[in-house]
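Need a 3D model of the following:
(chains A and B)
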2 protein chains.
Amino acid sequence: MKALRRVELVAIGDELLNGIRTNSHLVYFGEILTRKGLPLDQASEIPDRPEALAKALQQAFSRSELIFLTGGLGPTQDDNTVACVASALRLPTEHSQHVEESITAFFAERGKKPTPNNLKQCQIIQGAEALDNPNGTAPGQWLQLDQQVIVLLPGPPQELYPMFENEVLPRLEKLGWIHETESAVQIRTVGIGESKVADLLDPVLKMAADNIQVAYCAHLGYVDIRLSPIPGGWDSTKVRTLGEACRERLGLGFLGYGTPDLACVILKQLRGLNKSLAVAESCTGGLLASRFTDVPGASKVFKGGVVCYLNEIKEHLLNVPGCLLEQHGAVSAECAVAMATGVAELMESDYALSITGYAGPEAGDEPAGTIYLGYHSPVGVWSCKVNLPGNRTAVKERAVLTALDFIRRKLDKYKVYDLLESLKC
Amino acid sequence: MKALRRVELVAIGDELLNGIRTNSHLVYFGEILTRKGLPLDQASEIPDRPEALAKALQQAFSRSELIFLTGGLGPTQDDNTVACVASALRLPTEHSQHVEESITAFFAERGKKPTPNNLKQCQIIQGAEALDNPNGTAPGQWLQLDQQVIVLLPGPPQELYPMFENEVLPRLEKLGWIHETESAVQIRTVGIGESKVADLLDPVLKMAADNIQVAYCAHLGYVDIRLSPIPGGWDSTKVRTLGEACRERLGLGFLGYGTPDLACVILKQLRGLNKSLAVAESCTGGLLASRFTDVPGASKVFKGGVVCYLNEIKEHLLNVPGCLLEQHGAVSAECAVAMATGVAELMESDYALSITGYAGPEAGDEPAGTIYLGYHSPVGVWSCKVNLPGNRTAVKERAVLTALDFIRRKLDKYKVYDLLESLKC
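Sure, this is the predicted structure:
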């Protein structure tokens, strides 16, 4: 069910508009609020300047019932949110003794004293509740008016997120504005382009067009599809059945429901087989290993990796034969496979994955973006060549994703053999 | 000089509001437009639903002279931007034969044919110029009205960025709306908190308060400060002099002007000494190595790394003594130093950096977030212990940043000895 309230997020700070910082709060708020049945209807980013802020606040206050403001509560001279909100609402601010004590205690714990700047952070809008900030000095503010709720929150994520979860969500729950909702279904695909996904799903989704809203989102190798029932439309069972129909049409391109992480899916596959993994990386320089170690508990499967940026390391550490490097070069299918086998031997792992190539801007015999993957498994070795677009960072990202999807598909295809193999041990 | 035109970015797509995707375009537009003297006055994110889109477009069209719209030009049923803009402006759309031919050619090059979905992308708003999209099927649209310019751009970055640079910027230049500007000065600091930075700089910045606008931005270890002259205020020489005064007050906390990357600064330091580097990582699992290899040309200094997730790898590959691991454990200053020395020996590098610790959620004798750094150099070995807040990903990020800043400061402090050392070779 779509909430009847209009909800918006206003993020304040010049750094959001001049290219210094991404508004990462929006993803955070968006995910939680959607899950809790109170989706955002709009979001905006506004500069620090008081006159710009005043105008934007006026517009936001005139169109929405629930407004989250982030940023501009800090101690520096460009932090104007409290004064601007108070002025837009024609309310005075008051010095809070309680907040002053919290700030003093916060510094005392760290063996420091507040700077005079910090005292500015004790001003609370009349009628607002101060929200505790155990991770910083700026308190949040919860202002409940006749027709509206306005919530002021600090910008730094390590202060904002705990405050939102511990102070704001319980208050929204008390108002009856949020509840857990499971009716929307999200599907993640990997290794297929957006229009191909749409093409595959169209016949199934067409039949549901009056009942379901469909959103596609393509990002670096993944395409996500969200199926949300239109208000008064299908219940969650029907949406799940539609999800299953989509899953069938997508085949191996289906990664999972929700937003599963490829590395996590692979570690689960391997853990199911009771097998271990190691990686060897040249051009991706540790990014592949880092993806695996992002997964809590990775150490049960992932033994480690070698970043072999130089040929001498490939040769001496991974036993890639010097004559192979001479004949085929470090960017070759032969080298990729030798790296995978070498690291499996070195780390005594059952499986290994390797990446070698040109991330750019420099290139060699082949253009920047040329990547070879190597895969070592108990049932054989494979390699694969891809040409990836984009700058150095994008090529690294895409190479890692391609390598992950490569091993996922291979593990899926050969699971029977792998299971037989694991029974032998 | 502040532009007199009001400029805004409207990013369209449910995925931006429901937590699926970050609006990364905003950073991209913000950086380029600020640099070219046409800063954004506002940005917003709007859902795909036609009625929500219509209302938001109406508000944007009524308050800004230059409006960039991104997203919603795709082939799927939730792509409504063209129809909604046309309707908000009361203009019809027309089928473009030229666009149809481009789309057909785009698919032909890839040995494919357009799906019927793609023909929807041939609709152009009356009076608009279609903007070429060599990287995808959706053309952009440039609509120049009496008082306004409205630019429709595709959402995927690999389509948007080239189109913006090759089609949009030249048109803005022709209108005389953009020019290169160097008057703002940006400073990046590392290893000092935001209020401490403000405290250090306040005495200097106070004197410039009438002439300079100051913006602070703290993000994961860095604090950026942007000094922009107020319209009609200081010229670039004066702003640079102020920047130098700030630099002096910041001491070793000053990383550089602009947004320099820590890994890049370190590789430059080492390259100046003609020395090499290797890394050994446990809990950061390759992220430190990946940061170094993000820098083009890193291979001239960076030899490689080992991700030694398991104790057996630490022992067998890096020669960390088994009795050391038994006595002190893998998360200890002793192990960190042994890892650094071990990887320097293995990779035959002059310098080495190591990280071991608990990234969480799991922990051991010490709490999650406990990290030990090891540093091996020709003038000695050091270690350092830190306790970092946040979840697994945040701890990994912070540990890498702390390690990078640790080696940067050490390299800076001992540069005389290192130079002497390098003269000996």
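
what about the residue lying closest to A:Glu65 once chain neighbours are set aside, how many neighbours?
For A:Glu65, ignoring the flanking residues on the chain, the nearest one in space by Cβ to Cβ, 6 or more residues apart in numbering or on different chains is A:Arg5 at 4.4 Å. For glycine as for every other residue, the C-beta is placed from the backbone atoms N, C-alpha and C. When neighbours are counted by other Cβ atoms under 10 Å in any protein chain shown, A:Arg5 registers 14.

Strands of the stretch 201-350 of chain A, start to end?
Secondary structure of the stretch 201-350 of chain A (DSSP state E, counting those that start in this stretch): strands located at A:212-219, A:222-229, A:254-257, A:277-281, A:302-308.

In terms of helix, strand or coil, where does the residue nearest to A:Glu65 fall?
coil (DSSP: H, G, I helix; E, B strand; the rest coil).

Near chain B, which residues of the stretch 51-200 of chain A? Just list them.
A:52, A:56, A:59, A:74-78, A:115, A:117-118, A:135, A:137, A:156, A:158, A:186, A:194-195, A:198-199 (Cβ under 8 Å from any Cβ of the partner chain).

Try it again at 7 Å.
Counting by Cβ under 7 Å from any Cβ of the partner chain, the stretch 51-200 of chain A comes close to chain B at A:52, A:56, A:74-78, A:115, A:117-118, A:156, A:158, A:194-195, A:198-199.

Counting neighbours, which of these comes out on top?
Ranking those using other Cβ under 10 Å puts A:Gly74 first, with 26 neighbours.

contacting residues around that one?
A:138, B:194 (Cβ atoms under 7 Å, 6 or more residues apart in numbering or on different chains).

same thing but at 10 Å, please
Taking Cβ atoms under 10 Å, 6 or more residues apart in numbering or on different chains, we find A:Gly74 in contact with A:13, A:81, A:117-118, A:120-121, A:136-138, A:154-156, A:159, B:194-195, B:198, B:216, B:218.

And the residue nearest to A:Glu65, how close does it get to A:Leu40?
11 Å (Cβ to Cβ, to the nearest Å).

tell me, what's touching these two both at once?
A:64, A:66.

would you turn the strands of the stretch 201-350 of chain A into CSV with mean neighbour count?
Output for the strands of the stretch 201-350 of chain A, formatted as CSV (neighbours: other Cβ atoms under 10 Å in any protein chain shown):
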stretch, mean neighbour count
strand A:212-219, 21
strand A:222-229, 22
strand A:254-257, 17
strand A:277-281, 31
strand A:302-308, 30
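
Could you dump those strands into a markdown table with distance to chain B added?
Output for those, formatted as a markdown table (distance: least, Cβ to the nearest Cβ, whole Å):
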| stretch | distance to chain B |
| --- | --- |
| strand A:212-219 | 4 |
| strand A:222-229 | 5 |
| strand A:254-257 | 14 |
| strand A:277-281 | 8 |
| strand A:302-308 | 4 |
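
Output those as JSON lines; include the columns mean pLDDT.
JSON lines is the format used below for the strands of the stretch 201-350 of chain A (pLDDT from 0 to 100):
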{"stretch": "strand A:212-219", "mean pLDDT": "80"}
{"stretch": "strand A:222-229", "mean pLDDT": "87"}
{"stretch": "strand A:254-257", "mean pLDDT": "94"}
{"stretch": "strand A:277-281", "mean pLDDT": "97"}
{"stretch": "strand A:302-308", "mean pLDDT": "95"}
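
Now for the residue nearest to A:Glu65: which residues touch it?
Taking Cβ under 10 Å, 6+ apart, one finds A:38, A:41, A:64-66, A:148-149, A:175, A:177 in contact with A:Arg5.

and with 8 Å instead?
Neighbouring residues of A:Arg5 by Cβ atoms under 8 Å, 6 or more residues apart in numbering or on different chains: A:38, A:64-66, A:177.

starting at the chain centroid, how far to the helix or strand encompassing A:Glu173?
A:Glu173 is located in helix A:169-174, with elements delineated by DSSP states H and E. The chain centre lies 25 Å from the centre of helix A:169-174; the measure is Cα atoms, centre = their mean, to the nearest Å.

how about the helix ranked longest in chain A against chain B, any contact?
Of all the segments of type helix in chain A, defined by DSSP state H, the longest one is helix A:392-413. Yes. Using Cβ under 8 Å from any Cβ, we find that helix A:392-413 touches chain B at A:392-394, A:396.

just to revisit the earlier point, narrow the contacts of A:Arg5 to those in helices?
Counting by DSSP H, those contribute nothing to helices.

Buried members of those into ChimeraX, please.
Those of the contacts of A:Arg5 that count as buried under 16 or more other Cβ atoms under 10 Å in any protein chain shown are selected in ChimeraX with:
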select /A:38,64,65,66,177
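
Report the two of the contacts of A:Arg5 separated the most.
A:Ser64 and A:Trp177 (13.0 Å; Cβ to Cβ).

that older thread, nearest to A:Glu244 among the contacts of A:Arg5?
A:Leu38 (27.6 Å).

got the contact list for the nearest residue in space to A:Val337 that is not next to it in sequence?
Nearest-residue entry for A:Val337: A:Gly374, 4.4 Å, with adjacent residues in sequence omitted and distances by Cβ to Cβ, 6+ apart. Contacts for A:Gly374 (Cβ under 8 Å, 6+ apart) come out as A:280, A:333, A:335-341, A:352-356, A:381-383.

Is it possible to mark the buried ones in these?
A:280, A:333, A:335-341, A:352-356, A:382-383.

if we can go back for a sec, which of the residues of helix A:392-413 next to chain B has the most neighbours?
A:Lys396 (27 neighbours).

Can you check the pLDDT for it?
If you check A:Lys396, the pLDDT there is 94.

I am assuming it contacts A:Gly357, so please confirm or correct that.
No. Using Cβ atoms under 8 Å as the test, A:Lys396 is too far from A:Gly357 to be in contact (9.6 Å).

what do these two both touch?
A:Cys283.

in the helix holding A:Glu173, what counts as buried?
Buried residues in helix A:169-174 (16+ other Cβ under 10 Å): A:171-172.

Helices of the stretch 251-400 of chain A, start to end?
Secondary structure of the stretch 251-400 of chain A by DSSP state H, counting those that start in this stretch: the helices cover A:262-273, A:287-293, A:311-318, A:322-328, A:333-347, A:392-413.

Highest mean neighbour count out of those helices?
helix A:287-293 (a mean of 29; mean count of other Cβ atoms under 10 Å in any protein chain shown).
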